[in-house]
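> sequence isn't available, so here's the structure alone:
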């Protein structure tokens with residue numbers, strides 16, 4: 001793609017207005033383009049039938065309408081579907097479609113980086129080579145392509161796929177605002193969740209900008225001296241500072257924050273760690289905790305048993321005073337569950353698990 005060609009996708013309305021003005025097009029054309037891409041989900045300039053042939057030709061000569069390319073699709077026995085997309089030659093990401101059992105909630109888990117800048121010990125993505133941040137249009141196109149394939153629209157978007165969203169802050173937040181815009185994807189702010197492994201600089205920027213979106217922190221160990229063994233981000237953004245920032249979030253924005261907690265037996269479970277987690281929950285106050293059984297199997301660690309999960313969750317529910325949700329592991333059989341996105345499989349294949 002030529003660098004001087006304007007990419008229509010991933011742009012906010014003001015950017016499209018400036019571009020249309022540079023081509024001598026009427027100002028209302030920008031809103032038509034904006035709504036056509038995001039609200040109507042047009043996939044080519046030919047679908048803009050309200051445009052004259054002359055206008056379409058002018059846009060084709062000066063702008064591009066790119067798409068990320070589907071490499072493979074895996075379908076879980078629970079209905080979860082995982083897609084691998086090539087965003088640029090030699091650069092792939094994974095995106096997951098997660099329908100709820102009753103069909104009311106349809107979540108797309110999207111990626112923000114090719115690989116990841118971090119190396120969480122339980123996460124398969126951290127084993128991949130980091131190849132760069134995604135552009136805003138590449139983030140949004142994951143949603144557009146998945147919806148086209150499944151022939152349905154998402155009710156919820158979570159930035160919990162490959163990569164650390166706070167290390168691609170501006171592209172991620174720009175995408176989130178387009179998702180939220182009534183003339184864009186028109187998703188409520190509470191239906192958009194941005195997650196971080198604990199990059200406090202990004203969280204503070206999020207607070208200062210008073211961003212309206214749901215926010216989640218991958219906690220994964222309540223002991224400040226042991227968290228680095230699970231998450232290397234703790235070396236630069238230690239747990240004490242992270243919790244201080246989380247409390248600032250709930251106080252200044254007056255909103256609940258979510259802690260994600262991957263349960264690993266003999267590492268971060270047991271009564272001592274449960275007690276520490278309870279203290280954290282009480283100190284933050286406006287929070288909820290999503291617990292997730294360890295999914296990956298490339299480490300020396302093992303997945304907790306149902307009994308271990310039940311005991312851990314029961315203690316948290318009895319003592320913490322905050323909502324505790326067991327997210328379980330949708331898509332685990334296709335390596336689509338939390339921590340499992342690692343580009344496994346063969347290109348151009350479609351596999352259905354039975």
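Structure received. Note that the structure is a prediction, hence the values are computed from the model and not measured.
> report the buried residues of stretch 156-172.
156-169, 171-172 (16 or more other C-beta atoms under 10 Å). Every C-beta, even on glycine, is put in place using the N, C-alpha and C of the backbone.
> repeat for stretch 317-324
Residues 320, 322, 324 are the ones in stretch 317-324 that count as buried (16+ other C-beta under 10 Å).
> mind checking how far that stretch is from the chain centre?
Centre-to-centre, stretch 317-324 and its host chain are 26 Å apart (C-alpha atoms, centre = their mean, to the nearest Å).
> what's the span of that stretch from first residue to last?
6 Å (C-alpha to C-alpha, to the nearest Å).
> next one: stretch 64-83
Using C-alpha to C-alpha, one end of stretch 64-83 lies 24 Å from the other.
> hang on, the earlier thing: from the buried residues of stretch 156-172, which land in helices?
Among the buried residues of stretch 156-172, DSSP state H puts 169, 171, 172 in helices.
> return the member of those nearest to residue 143.
Among these, residue 172 lies closest to residue 143 (C-beta to C-beta), at 13.1 Å.
> so that closest one touches residue 139, yeah?
Yes - counting by C-beta atoms under 8 Å, residue 172 does reach residue 139; the two are 6.8 Å apart.
> name the residues contacting each of these two.
Shared contacts of residue 172 and residue 139 (C-beta atoms under 8 Å, 6 or more residues apart in numbering): residue 112.
> outline the domain layout of this protein.
With domains defined by automatic domain parsing, the chain comprises 6-64, 69-352.
> tell me where the stretch 51-200 of the chain has helices.
Secondary structure of the stretch 51-200 of the chain by DSSP state H, counting those that start in this stretch: the helices cover 53-62, 136-150, 169-180, 200-208.
> tell me the SS of residue 212?
The three-state assignment at residue 212 reads coil, by DSSP: H, G, I helix; E, B strand; the rest coil.
> ok, and the closest non-adjacent residue to it?
Nearest residue to residue 212, sequence neighbours excluded (C-beta to C-beta, 6 or more residues apart in numbering): residue 189, at 3.8 Å.
> tell me how many other residues crowd that neighbour.
Residue 189 has 14 neighbouring residues, counting by other C-beta atoms under 10 Å.
> quick one, what contacts it?
180, 212, 213, 214.
> looking at residue 70 now. What's its pLDDT?
pLDDT recorded at residue 70 is 97.
> any idea how far residue 133 lies from residue 240?
29 Å (C-beta to C-beta, to the nearest Å).
> ok, these two, which is more surrounded?
Higher neighbour count among residue 133 and residue 240: residue 133, with 21 against 9, using other C-beta under 10 Å.
> if we can go back for a sec, hey, which of the domains of the chain is tucked in deepest?
Among those, ranked by average contacts under mean count of other C-beta atoms under 10 Å, first place goes to domain 69-352 (a mean of 19).
> can you pull out the strands in the stretch 101-250 of the chain?
For the stretch 101-250 of the chain, the strands defined by DSSP state E, counting those that start in this stretch occupy 106-109, 113-114, 132-133, 156-159, 192-196, 214-218.
> turn those into a markdown table, including mean pLDDT and distance to residue 283.
Shown next, in a markdown table, are the strands of the stretch 101-250 of the chain (pLDDT from 0 to 100; distance: least, C-beta to C-beta, whole Å):
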| stretch | mean pLDDT | distance to residue 283 |
| --- | --- | --- |
| strand 106-109 | 98 | 29 |
| strand 113-114 | 98 | 31 |
| strand 132-133 | 98 | 33 |
| strand 156-159 | 98 | 25 |
| strand 192-196 | 98 | 19 |
| strand 214-218 | 98 | 14 |
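> what's the first-to-last distance across stretch 253-261?
OK, stretch 253-261 end separation, C-alpha to C-alpha: 23 Å.
> same question for stretch 159-174.
Per C-alpha to C-alpha, stretch 159-174 runs 13 Å from first to last residue.
> repeat for stretch 179-190
Where stretch 179-190 begins and where it ends lie 11 Å apart, using C-alpha to C-alpha.
> now that stretch: average pLDDT?
Over the span of stretch 179-190, the pLDDT mean works out to 98.
> from the chain's centroid, how far away is that stretch?
That offset, for stretch 179-190, works out to 16 Å (C-alpha atoms, centre = their mean).
> so who does residue 293 touch?
Per C-beta under 8 Å, 6+ apart, neighbours of residue 293: 262, 263, 303, 304, 309, 328, 329.
> what pLDDT does the first one get?
This points to residue 262. If you check residue 262, the pLDDT there is 98.
> okay, and the beta partners of it?
Applying DSSP bridges to residue 262 gives these bridge partners: residue 292.
> surely it meets residue 339?
Yes - contact criterion C-beta under 8 Å: residue 262 and residue 339 qualify, at 6.6 Å.
> not counting residues beside it along the chain, what's closest to residue 42?
That would be residue 36: by C-beta to C-beta, 6+ apart, it lies 4.4 Å from residue 42.
> check residue 196 too.
Nearest to residue 196 is residue 166, by C-beta to C-beta, 6+ apart, at 4.5 Å.
> circling back to that earlier point, closest to residue 335 among the contacts of residue 189?
Of these, the one sitting nearest to residue 335 (C-beta to C-beta) turns out to be residue 214, at 25.5 Å.
> that'll do, ta.
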